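Chemist: Provided below for reference: sequence and predicted model.
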Amino acid sequence: MISRRKKIILVQFTIFLIAASLLYNTYRDKNNKTEEILKIVAKNAPDVNSFTDIEYSGFDLNGNRYILNAVKAEFETKTPESINMKNVTAKFYLKDGTVLEVISDNGLYNNITLDMEFRKNVKAVYLRNTLYSDQLNYLNSDGKLLATGNVRGESVEKGEFFADNVEYNLANKTLDFSMFGNKQVNVKLKN
């Protein structure tokens, strides 16, 4: 009977040694292993959505059709109505059959009010007239275009002008020029 007891203890001791060596071999290199760290860098903030080659189209409050294109656009999820755009082109098809085209490096489009802001290297072409400015705002509810900052206009028939602000009323097609301070609008008319 003692031999049976010795055999059981010997088997238990052997199992213990095997288990201990397995545990030791499993965890002995834990401190020596270098862990690979995967670093994920987001291109945009997690609350920003971006798109490429976008187009918005519709009718403004005055019944004029427009098409707004951009190479890249993005918006924050907190304010999805404000779309920031890069390399912007807009075409306004006016009721009288004429077309106004606006090109800029950057833009902002509000898809609720339909207001548009064009910034940096702005060029607007209407018939045979061209307007250059730092910024051009299309105010949909007022039916106006407001150009500000280094505004320069060229007309094939009438000449050129320089102003700080130019306001164009789409309904009655009038231009209002203004300057900051005591400066005067500079107009060069052709004979």
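Modeler: Perfect, thanks for sending it.

Chemist: just for this protein, where's the confidence low?
Modeler: Applying pLDDT under 70 to the chain flags the ranges 1-2, 28-46, 177-191.

Chemist: show me the contacts for the residue positioned nearest the centre of the chain.
Modeler: Nearest to the geometric centre of the chain sits residue 84, at 3.0 Å (CA atoms, centre = their mean). Neighbouring residues of residue 84 by CB atoms under 8 Å, 6 or more residues apart in numbering: 73, 74, 75, 106, 107, 108. Any C-beta I mention is one placed from the backbone N, CA and C, and that applies to glycine too.

Chemist: Ok, residue 171 next?
Modeler: When contacts are counted by CB under 8 Å, 6+ apart, residue 171 touches 62, 143.

Chemist: same deal with residue 18?
Modeler: By CB under 8 Å, 6+ apart, residue 18 lies in contact with nothing.

Chemist: That one and residue 24, how far apart?
Modeler: Distance of residue 18 to residue 24, given as CB to CB, to the nearest Å: 11 Å.

Chemist: Just the strands from this protein, written as ranges.
Modeler: Along the chain, counting by DSSP state E, strands occupy 48-59, 65-76, 82-93, 99-110, 116-126, 129-139, 144-155, 159-169, 174-178, 186-189.

Chemist: Packing partners of the first one?
Modeler: What it means is strand 48-59. strand 65-76, strand 82-93 (3 or more CB pairs under 8 Å, 6 or more residues apart in numbering; DSSP states H and E).

Chemist: With that, I have no additional questions.
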